[in-house]
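> how does the following fold in three dimensions:
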Amino acid sequence: MGNQNPCSRRVSMALMGAPLVLWLCGCGGGGGGSTRSGTVGPSSDGGSGSADSLVQTPTGETLDTHAVLVDAGGQLMSWVTPQDHAYGRVSFLSWDLLLNRMPLDPANGLKVYFTHSEYDPSTLAGSSWPNNPAGKNAMLAESAALYFAYSGNGAVIDLVRALLDHQLEHGTTPSTHAWADVPWSTAEASSITYGNDTLREGAGVLEPDKVGELGFHGYLRFWQITGDGRYREAAIACADALLQNLRSGTAERSPWPFRVNAQSGASIEDYGSHVIAPIRLFDELIRLDLGNVAGYSAAREAAWAWLMTCPMVNGRWTQYFEDVPPGSDLFSNFNQYVPGQTARYLLEHPERDAHWKTLAASLIDDIESRFGTDYAGDAGVFHGARTISEQTAYMYKMASHTSRFGAVNALYAAATGDAIARDKAFRSLNWATYMARDNGTVNEGPAESKSGVNFWFTDGHGDYVRHFMIAMGAFPEWAPAGENHLLRSSSVVRAVTYSADSITYDTFDAASTEVLRVNSQPRSVSAGGLALPQRADVSAAGWTYDSATGVLRVRHDSGTNVQVVLHAGV
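Reported below is the predicted structural model:
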């Protein structure tokens, strides 16, 4: 696609007929039968670390720009060698492009990612397609927070802070609007100010689900990381607007419309299933006792009740992508993003619903059966790796969505011990690594790229890196052996410093649990200056270490500063 292509990556509504017909024939209920007991290939070790599972043998094929490698069973491995360096490597490449090689937009003097949704993979110049700041910035914020903990590279935090500051100054609705003091979802390409897209969404229109998404992953999390009170107030403003504009939901009408006129509050598109983002924002503000806690609690329960009685029952997982224009049919363009994010929430918060396991499994199965089929020359299963399409209206296989499928399966496998889900996670994540090129550009998918389309900051960066981070947190042995990395925390990591023989980090909460992969046996672990005991488990404050895998688990119940001293170099 050239920079002037009016269709961008997602086809115009006039071209949607064929795929819509395919899925309208079977869109009832949750869609698709269970595949928990099935397997996509003969191997199901999921990168267990056995000798056969770590073999990386060329097949003679090429996937995007890399030679295809498989294990002894013919199942897909990453192009990165050794395999345990793969997820960290592609995450580094993705961030390195944004940090060090992105040009300025000649129209405004800002880095291209401020005012564009996509870039030319050859020149890195932005395209003429509308910008998507709220969703893009939320995804980049989460990826930055996770990658910072993993790598200690504070430059990613600085990059996102600049984006959030720009959104606050140039991309926030007036306080006189019905949707007051919240982020605009879209903008004209190259426009310093947001909310003025006339090509796709419409000027003055915003998406309430993105208010929740940026409110949580961007503003609230970055207040927790940086202590900047502007972000806390912006998060509260997002929650207040969601509370004030909450309405009763039905099977045809969600608690918030998908698109609204920000000034009047009038609904533009009446249904959107992505309520898990506002729920996340409400949850954390309630936990922290910030803002209108009583109001947020009532709104959260109303949104949860609607989620459980409507889309979880009727399978209407529609509306998320801002570049699909408003339409009259709200229930035929299914997507995998919303059920994937909902399944992730259930797996990260099983205490929220006693049926979390069954619900998450049904969502994963629906995504696999609906979006895991062959399309446009891309195999639904490639050397054992399930590849995932984006939405009914745009069925190309894509890196971000395949990596999300991998990450959610990893969470499910870690929570349940399901070996098949673990292998599915491993293979899908491996496929997604092939879309990261050596220069840091990240292709959306093989078939799509043949038409010459631009690459997106969401699909190749914000909504890409986070899934590898989540997966390594679920299975630490997928992170590099012989190195030091903080892979998961139940809190927010505010600071981290790595050296060969120590790791020091600060968490937002005094009570927290972390998972790390380290290069040697710890000599000591302390929190708040007090030594923590080595234990057999972390059912109480202390730490455990598995010498076979190098996995360190730390629980601290008081004290936000944790110091790990290692035997390396001794």
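
> count the residues that sit near residue 423.
25 (other CB atoms under 10 Å). All C-beta atoms are positioned from the backbone trio N, CA, C, and that covers glycine.

> mind checking the SS state of it?
With DSSP: H, G, I helix; E, B strand; the rest coil as the basis, residue 423 sits in helix.

> for residue 413, see how far away it is.
To residue 413, residue 423 is 8 Å away according to CB to CB, to the nearest Å.

> point out where this structure drops to low pLDDT.
1-46, 48-53, 569-570 (pLDDT under 70).

> try it again at 80.
Low-confidence segments of the chain (pLDDT under 80): 1-54, 449, 451-452, 568-570.

> around the nearest residue in space to residue 271 that is not next to it in sequence, count how many other residues there are.
Using CB to CB, 6 or more residues apart in numbering and skipping the chain neighbours, the partner closest in space to residue 271 is residue 330 (4.3 Å). Residue 330 sits with 20 neighbouring residues when counted by other CB under 10 Å.

> can you check residue 373 too?
Quick note: residue 373 (other CB under 10 Å) scores 18 neighbours.

> list the contacts for the residue lying closest to it once chain neighbours are set aside?
Closest residue in space to residue 373, ignoring its immediate chain neighbours: residue 380 at 4.4 Å, by CB to CB, 6+ apart. Neighbour list for residue 380: 372-374, 386-387 [criterion: CB atoms under 8 Å, 6 or more residues apart in numbering].

> do a quick rundown of the strands in the stretch 351-500 of the chain.
With strands called from DSSP state E, counting those that start in this stretch, the stretch 351-500 of the chain shows them at 381-382, 385-386, 389-391, 394-397, 455-456, 485-489, 493-499.

> output those as CSV; include the columns mean neighbour count.
Formatted as CSV, the strands of the stretch 351-500 of the chain follow (neighbours: other CB atoms under 10 Å):
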stretch, mean neighbour count
strand 381-382, 20
strand 385-386, 27
strand 389-391, 26
strand 394-397, 25
strand 455-456, 26
strand 485-489, 24
strand 493-499, 17
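
> now the end-to-end length of stretch 197-210.
Distance across stretch 197-210, first residue to last, is 16 Å (CA to CA, to the nearest Å).

> what's it in contact with?
Under the contact criterion CB under 8 Å, 6+ apart, stretch 197-210 has outside partners 6, 129-131, 134-135, 138, 173, 179, 182-188, 195-196, 241-242, 245, 256-263, 268, 272, 274-275, 277-278, 320, 322-323, 325-326.

> just to revisit the earlier point, which of the strands of the stretch 351-500 of the chain sits closest to residue 336?
Between residue 336 and the strands of the stretch 351-500 of the chain, the tightest spacing by CB to CB is seen for strand 389-391, at 6.9 Å.

> ok, and what's touching that closest one?
Residues from elsewhere that reach strand 389-391 (CB under 8 Å, 6+ apart): 10, 320-321, 324, 333-337, 371-373, 375, 395-398, 401.

> which element is residue 90 on?
Taking DSSP states H and E as the definition, one finds residue 90 inside helix 86-100.

> and that helix with strand 485-489, angle?
Angle, helix 86-100 to strand 485-489, by axes from the mean of the first three to the mean of the last three CA atoms, to 10 degrees: 100 degrees.

> and helix 86-100, what does it pack against?
When contacts are defined as 3 or more CB pairs under 8 Å, 6 or more residues apart in numbering; DSSP states H and E, helix 86-100 sits against helix 133-151, helix 155-170, helix 419-433, helix 463-474.

> can I get those helices in JSON lines with distance to residue 366?
Below are the helices and strands packed on helix 86-100 laid out as JSON lines (distance: least, CB to CB, whole Å):
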{"stretch": "helix 133-151", "distance to residue 366": "22"}
{"stretch": "helix 155-170", "distance to residue 366": "32"}
{"stretch": "helix 419-433", "distance to residue 366": "14"}
{"stretch": "helix 463-474", "distance to residue 366": "18"}
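
> so which of those helices is nearest residue 525?
Each of those has some distance to residue 525 by CB to CB; the shortest is helix 133-151, at 16.8 Å.

> ok now the closest one, how far from the chain's centre?
Centroid separation for helix 133-151 versus its chain: 8 Å, with CA atoms, centre = their mean, to the nearest Å.

> buried residues in that helix?
The neighbour-count check on helix 133-151 (16 or more other CB atoms under 10 Å) flags 133-151 as buried.

> check which helices and strands it sits against.
Other helices and strands packing on helix 133-151, by 3+ CB pairs under 8 Å, 6+ apart, are helix 86-100, helix 155-170, helix 208-213, helix 221-226, helix 463-474, strand 485-489, strand 493-499.

> so can I have CSV of the ones you listed showing distance to residue 122?
Listed next are the helices and strands packed on helix 133-151 as CSV, based on distance: least, CB to CB, whole Å:
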stretch, distance to residue 122
helix 86-100, 13
helix 155-170, 23
helix 208-213, 30
helix 221-226, 33
helix 463-474, 20
strand 485-489, 33
strand 493-499, 35
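
> tell me which of these sits most buried.
helix 208-213 (a mean of 29; mean count of other CB atoms under 10 Å).

> how about the helices in the stretch 201-350 of the chain?
In order along the chain, the stretch 201-350 of the chain carries the following helices (DSSP state H, counting those that start in this stretch): 208-213, 221-226, 229-244, 276-288, 293-309, 311-314, 337-348.

> can I get those in TSV with distance to residue 158?
Shown next, in TSV, are those (distance: least, CB to CB, whole Å):
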stretch	distance to residue 158
helix 208-213	21
helix 221-226	10
helix 229-244	14
helix 276-288	23
helix 293-309	30
helix 311-314	38
helix 337-348	27
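
> right, so the ones you listed: which one is the most enclosed?
Highest mean neighbour count of the helices of the stretch 201-350 of the chain: helix 208-213, a mean of 29 (counted as mean count of other CB under 10 Å).

> off-centre distance for that helix?
The mean C-alpha position of helix 208-213 is separated from the chain mean by 14 Å, CA atoms, centre = their mean.

> over to stretch 232-242?
21 Å.

> quick one: residue 435 and residue 455 touch, right?
No - in this structure, residue 435 is not within contact of residue 455 by CB atoms under 8 Å, at 9.3 Å.

> and for the two, which residues touch both?
Joint contacts of residue 435 and residue 455 (CB under 8 Å, 6+ apart) are 442-444.

> could you list which of the residues you listed belong to helices?
Assigned to helices by DSSP state H, none of the shared contacts of residue 435 and residue 455 qualify.
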